[in-house]
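Visitor: A structural model of the following input is requested.
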Amino acid sequence: MTSLRDMQTAVLEALLEDRLGDAAPFLAPPEPHVGGRLTIHRSNILTNFSNALRSTFPVVERLVGADYFRQIAADFQRKHPSRSGDLAQVGMEFPNYLLNLHRADRFRYLSDVARLEWLIQQSSLAAHHAPFALDRLAHVEPKDYEELRFALHPSVRCFTSPFPALAIWQSNNADRDARAMTPAGDAPHAVPPGGAIALDSGPDRLVMLRPRLHLEFLRVSAGELAFLGAIAAAAPFAATIECGRGADAEFDASAALRRFITAEAIVDVEARP
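Guide: The predicted structure follows:
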């Protein structure tokens, strides 16, 4: 006897592969218009999935065009069907899909733009957190400094790319002025007159966060990126400093700590024995 799970899987595969006749035997009671009903259901599945991808990757859609985006969205859905009722999560594997699709051609930058858009969504949807309370440090004994564990704002996401992905995103995002800002001193790569962006004008090494109303981008050094990565892994302060110095011999831990507390990327600290 076919299990419910196997029946559901068979029907889903038949709908995604446009083999509606294979799904009909699993539906009861039989009815004369089952083919038409399945066609409507298939159309709704494809449209809802494609719309969810479009809302997450609007810049990728603009770069490749609506027709091609619909084509790859359908192929992506066949290979990575939704596993959740929350369609906001269907794009998780889309950057890797684009990487495999265009790994060896002139569109290989698309996967990095998609990865940036995915991280932007995750950062924008993250929880809020109050800024760092500096008086927390006043109660820490100097002997305990090395064991401090700092915490990042929930919206912090780190991004690296050999391409100028942020400049591409900003120049193709119709709502960029309302959705994103770059703090003074951290200007993105300039977009030349006419909007042309040279793919060799990267690389990008970024931290994005949304501590208040706007998404913000910080350009960081290799040492700063390693430092934040160690904080995200709950490493003690001494280890985060070593990570920063290991990536950049000129890394200044005090300056990095001040910068990221001021930017509200670091929002808490815990002293552990």
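
Visitor: what's the closest non-adjacent residue to Ala88?
Guide: Once flanking residues are discounted, Ala88 sits nearest to Ala52: 6.8 Å by CB to CB, 6 or more residues apart in numbering. C-betas here are computed from N, CA, C, even on glycine.

Visitor: And the one you found, how far from Ile231?
Guide: As defined by CB to CB, to the nearest Å, Ala52 lies at a distance of 32 Å from Ile231.

Visitor: residue boundaries of the strands in the stretch 101-250 of the chain?
Guide: All strands of the stretch 101-250 of the chain, identified by DSSP state E, counting those that start in this stretch, fall at 148-152, 157-161, 180-181, 204-209, 215-219.

Visitor: burial count for Ile241?
Guide: 21 (other CB atoms under 10 Å).

Visitor: ok, now which ones touch the residue lying closest to it once chain neighbours are set aside?
Guide: Using CB to CB, 6+ apart and skipping the chain neighbours, the partner closest in space to Ile241 is Ala253 (4.4 Å). Residues in contact with Ala253 (CB atoms under 8 Å, 6 or more residues apart in numbering) are 227, 240-241, 244-245.

Visitor: Does anything pack onto the helix or strand that contains Leu99? Which helices or strands?
Guide: Using DSSP states H and E, Leu99 sits within helix 94-102. Applying 3 or more CB pairs under 8 Å, 6 or more residues apart in numbering; DSSP states H and E, one finds that helix 94-102 contacts helix 66-79, helix 110-125.

Visitor: Am I right that Val267 sits in a helix?
Guide: No: secondary structure of Val267 (DSSP: H, G, I helix; E, B strand; the rest coil): strand, not part of a helix.

Visitor: That one: how many residues sit nearby?
Guide: So Val267, with other CB under 10 Å, has 22 neighbours.

Visitor: got the contact list for it?
Guide: Val267 is in contact with 129-132, 151-153, 211, counting by CB under 8 Å, 6+ apart.

Visitor: Just give me the residue right at the centre of this structure.
Guide: Geometric centre of the chain, nearest residue: Leu119, 1.9 Å, by CA atoms, centre = their mean.

Visitor: That one against Met208, yeah?
Guide: Yes: using CB atoms under 8 Å, Leu119 is in contact with Met208, at 6.4 Å.

Visitor: still on that earlier bit, could the strands of the stretch 101-250 of the chain be laid out in JSON lines, adding distance to Val267?
Guide: Listed next are the strands of the stretch 101-250 of the chain as JSON lines, based on distance: least, CB to CB, whole Å:
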{"stretch": "strand 148-152", "distance to Val267": "6"}
{"stretch": "strand 157-161", "distance to Val267": "15"}
{"stretch": "strand 180-181", "distance to Val267": "19"}
{"stretch": "strand 204-209", "distance to Val267": "10"}
{"stretch": "strand 215-219", "distance to Val267": "14"}
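
Visitor: In which helix or strand does Asn51 reside?
Guide: Going by DSSP H and E, Asn51 is in helix 34-56.

Visitor: circling back to that earlier point, who touches both of Leu119 and Met208?
Guide: Residues touching both Leu119 and Met208 (CB under 8 Å, 6+ apart): 157, 159.

Visitor: On the three-state scheme, Leu63 is what?
Guide: helix.

Visitor: what's the spacing between it and Arg115?
Guide: As judged by CB to CB, Leu63 and Arg115 stand 14 Å apart.

Visitor: Right, I'll leave it there.
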